[in-house]
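J.: no sequence on hand, only this structure:
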């Protein structure tokens, strides 16, 4: 199974976790939509780390560098997600749930590229200069 397919599959699960959590927090709890977005994104991110590290990219080592890269990529993605959500929901007055679905979908591709090429990239042998 290709890494992109696996990443996409996990992305669907993460997206479901994020959107269901977001909808619950916004509509049932009546939380501010941007705060709900942050909390929902973090829940999806935790799931993403576990599955991408262990199943998609099969990284065995546990080191601080991987954690920092993963958190960095996801903070960038959270910023992208929150800004996109704000623009679509507040400026263009698009439905908040539809806005969330759009930004999460767009973010999937950016996240895959960053995660594959930087966060969980195979280690290269040190070149001797």
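T.: Received it, and whenever you're ready, just let me know what you need. Note that this is a predicted model, so its numbers are computed, not measured.

J.: check which helix or strand covers residue 68.
T.: Per DSSP states H and E: residue 68 is located in helix 64-86.

J.: in the helix or strand following that helix, what's buried?
T.: Where DSSP H and E defines the elements, the next helix or strand beyond helix 64-86 is helix 96-114. Applying a neighbour-count criterion of 16 or more other C-beta atoms under 10 Å, one finds 96, 99, 100, 101, 102, 103, 104, 107, 108, 111, 112, 114 buried in helix 96-114. (Glycine included, C-beta is placed from N, CA and C.)

J.: kindly report the same for stretch 56-64.
T.: Applying a neighbour-count criterion of 16+ other C-beta under 10 Å, one finds 56, 57, 59 buried in stretch 56-64.

J.: what does that stretch rub up against?
T.: For stretch 56-64, contacts defined as C-beta atoms under 8 Å, 6 or more residues apart in numbering pick out 3, 6, 7, 10, 53, 66, 115, 116, 120.
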